[in-house]
Every structure is written in structure tokens, then in C-alpha cells.
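# Model the structure of this input:
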Amino acid sequence: MAKRDYYEVLGVSRDVSAADLKKAYRREAMKHHPDRNPDDKSAEEKFKEANEAYEVLSDAQKRAAYDQYGHAGVDPQSGMGGAGAGFSNFSDIFGDVFGDIFGAAAGGRGGRGGASRGSDLRYTLELSLEEAVKGTTVQIKVPTLVSCKTCDGSGAKSGSKPVTCTTCGGRGQVRMQQGFFSVQQTCPSCHGRGTVISDPCKSCHGQGRVEETKTLSVKVPAGVDTGDRIRLSGEGEAGFGGGPSGDLYVQVSVRRHDIFEREGNDLYCEVPIDFVDAALGGELEVPTLDGRVKLKVPAETQTGKMFKLRGKGVTPVRGGQPGDLLCRVVVETPVDLTAKQKELLREFQATMHGGKNSPRQRSWFDGMKNFFGDMKI
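You can find the predicted model right below:
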């Protein structure tokens, strides 16, 4: 099945700013998050689709390639670079449990001396809302390719070393003459490395790298949110032929909370109150991430009324004033009434004075009368 346009997936225009792109991604990620849609395969696929779209469009180079060539510009199978390179079978071996490979800066092994930068890796880190807001330090396990300790990454057996390729003379490239045309291509003997290994290391079979699961400590700053990325420099795959290691990008995904919903730096929650407190007013205890606080509810409060607790939201990850906590009051109808309670309510109802005590109800009935009065039958 053909992939959908990444801009369409996130519901944005092609000239969307980085800030609006991030907001759109957060909206889609929260909407289709597996925690909110258990056993819904369609939502799970849309969540993955949004992750993939944001991963490409949030990277300036990948976005430029996508804008010019479409999916072919960022598809590792297309051969046009962009979103995948390096040790292509790595994700097949380990699956997507810990993360997948993307965006190697120097995916091929070409170049004089055969040295190339290792692939970047991605790890999706799930956090609770409390961990994301307050910050934390977590230990993660990441499967990757590391430099072989037996041969120090050379790929050659101890006591030997790679020798200069006789086919290309160490250049990694050979020139082929076809009639009037001269074509330069990668050396078929050394595959662009410039050297060949006659006696390969038994630990890495001449690759210079071996598979290993690393345990890393990740310091998560306070205020992160879904879609934020933490870069661990040099913690990606080891480079080939002595090249530098890639980076590890830890992508944050915040789990759904039982009480609060986050929108930017603000938090939202619903506070149920009984109709007596709503009518007469009262004082309630409401939760915040720092503990309980008192909330004064004035008399004649209607359901849907929003109360703002300033500074009880989230402090931005880059510093600044914290957001607010907005509490929406929901007046709850009593249930499981006793006969006495029902009798008291009927007595109370008999004392009501229509529009005086229920102005919104009277306004609604007046509107209904006008509506039917204007209808021509």
C-alpha cells in the first residue's frame, strides 16, 4: 500500500513552521497513542505513521529531500540517501523493541581508507507525566554495533593488519574505459575501503564491529513532552574502519495520565462536585502535581465552569514561567437515592420558581417556543 503524504498525515501545510509542526505531531500522537486506544490496530498504525512523518519533517535535511523527491528521497531502499544507511540488517536482527536505525550521515563504506561514520540510532522512551514534568534519570538498554575489542576495529586478526588493495592501489575506486567514455566506480575487490583483510578477526569476521546491548544512563530534563528528543552524542553505532560513532536520539513519549491532560505548558483536569456545593458554594481539595490545594467554589456555579490555578502547570524545558492548572467543574447528579432523599428533592422542586431559579432553562424554553412559532406548517 502506498504511503500517505507526510504533511497530510500530520494535517499541516507544506510551509508549516517547526513550532507548528511539533504541535501537530503532539496532537496526532496523543490522539492515536496506544494507551488511549487499547486493542485498536488502526490507531496503532496511525501513531506509528505520525512518528515516521515527524521524524522526517523535523529534520531539515530529510525534509528538503522529501520535498524534492517525495518518499523516494528518504526511503533507505531507494538508494537516494536520506533516512537509512549503514548496517542494514541490524534492525532485522533486533526488531523494533528498542528502536530503529535512521539517518546515517555517511551510510556507505566508501572513501579513501574505508573510514565512515556509524549510523545514528533512535530509542523511544516512555515516561509518566510526573517524570516528564519533574525530570528524571533512567537506565536504558540499546542494541547496537560496537568496535570489536579483539582487533580494535581493524577487522584483521591479531598480529596482522589490512593490506593495500592491489586492484585499486588503495584508492577505493577503479576507472573503467568504455570506448570514448571513462567511468569511475567502487573497487570490486575492496568495496571502496582501499584495503583488504587477508586474515580476518574471528570475533567480528573481518567487519571490525560486533553486536552488543549497551546500558546507558539518560538524564531527562524537567518539562519534556511527547515529540522531544534527547541526543546522546557518540552513542550510536561504531564507525567503520576507525570512523566516528553515530549518535543516539532518545525520543520522548509521555503516557496518558489518569487525572491530567497536558496542552503545552498547561494542565487540565475535571473536578466532580455535588449539586449542593455547586448551588451553595464550598471549598474543595483538588490535586496538582505538587500535592493537594484548596479551591473555593462560589455559589451558583454551573457545570463546565473553569477555574485557573496559576503556576501549577509545567515549567518549560528551556526555562521560563510555569503554565497553569485549569480545573473544569462537572456537577454530578446524585444516584442511589433513598426514599427520604427523593421526598426531600420533590419538596425542594415544589419551591422552585421557574426562570428565577433556572434562568438558562427558561431561556432555552423561550427559544424553543420561538423556533416552533416561526415554523410554517
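# And residue 50, its phi and psi?
Dihedral angles of residue 50 (phi, psi; degrees, to the nearest 10) stand at phi -70, psi -40.
# Could you measure from it over to residue 20?
From residue 50 across to residue 20, the span is 15 Å (Cβ to Cβ, to the nearest Å). In this view, the C-beta of every residue, glycine as well, is placed from N, C-alpha and C.
# who's more crowded, those two?
Taking neighbours as other Cβ atoms under 10 Å, residue 50 and residue 20 compare with residue 50 leading, 25 against 13.
# need the contact list for the nearest residue to the more buried one once chain neighbours are set aside.
Using Cβ to Cβ, 6 or more residues apart in numbering and skipping residues adjacent in sequence, the residue nearest residue 50 is residue 28, 4.1 Å away. Going by Cβ atoms under 8 Å, 6 or more residues apart in numbering, residue 28 touches 9-11, 46-47, 50.
# Tell me which helix or strand residue 183 sits in.
Assessed by DSSP states H and E, residue 183 sits inside strand 181-186.
# List just the nearest of the contacts of residue 28 to residue 185.
Proximity to residue 185 was ranked across the contacts of residue 28 by Cβ to Cβ; first place goes to residue 9, at 38.2 Å.
# name the helices or strands packed onto the helix or strand encompassing residue 217?
Secondary structure assigned from DSSP H and E places residue 217 in strand 209-220. Under the contact criterion of 3 or more Cβ pairs under 8 Å, 6 or more residues apart in numbering; DSSP states H and E, strand 209-220 touches helix 90-94, strand 121-127, strand 136-147, strand 229-232, strand 248-254.
# Against which helices or strands is the second one packed?
Taking 3+ Cβ pairs under 8 Å, 6+ apart as contact, the helices and strands that strand 121-127 lies on are strand 136-147, strand 209-220, strand 248-254.
# taking those strands together, which one is wrapped up most tightly?
Of all the helices and strands packed on strand 121-127, strand 248-254 has the most neighbours on average by mean count of other Cβ atoms under 10 Å, namely a mean of 21.
# who touches that one?
With Cβ under 8 Å, 6+ apart as the test, strand 248-254 has contacts from 29, 33, 51, 55, 120-129, 132, 140, 142, 144, 216, 218, 220, 224-232, 235-236, 262.
# Given it, what are its sheet partners and their directions?
strand 121-127 (parallel), strand 229-232 (antiparallel) (DSSP bridges).
# Looking at those strands, spot the one closest to residue 192.
Taking Cβ to Cβ as the criterion, residue 192 comes closest to strand 121-127 out of the strands paired with strand 248-254, the separation being 23.4 Å.
# Quick check: residue 10 touching residue 21?
Yes. With contacts counted by Cβ atoms under 8 Å, residue 10 reaches residue 21, the gap being 6.8 Å.
# quick one: which of the two has more around it?
residue 10 (22 against 19).
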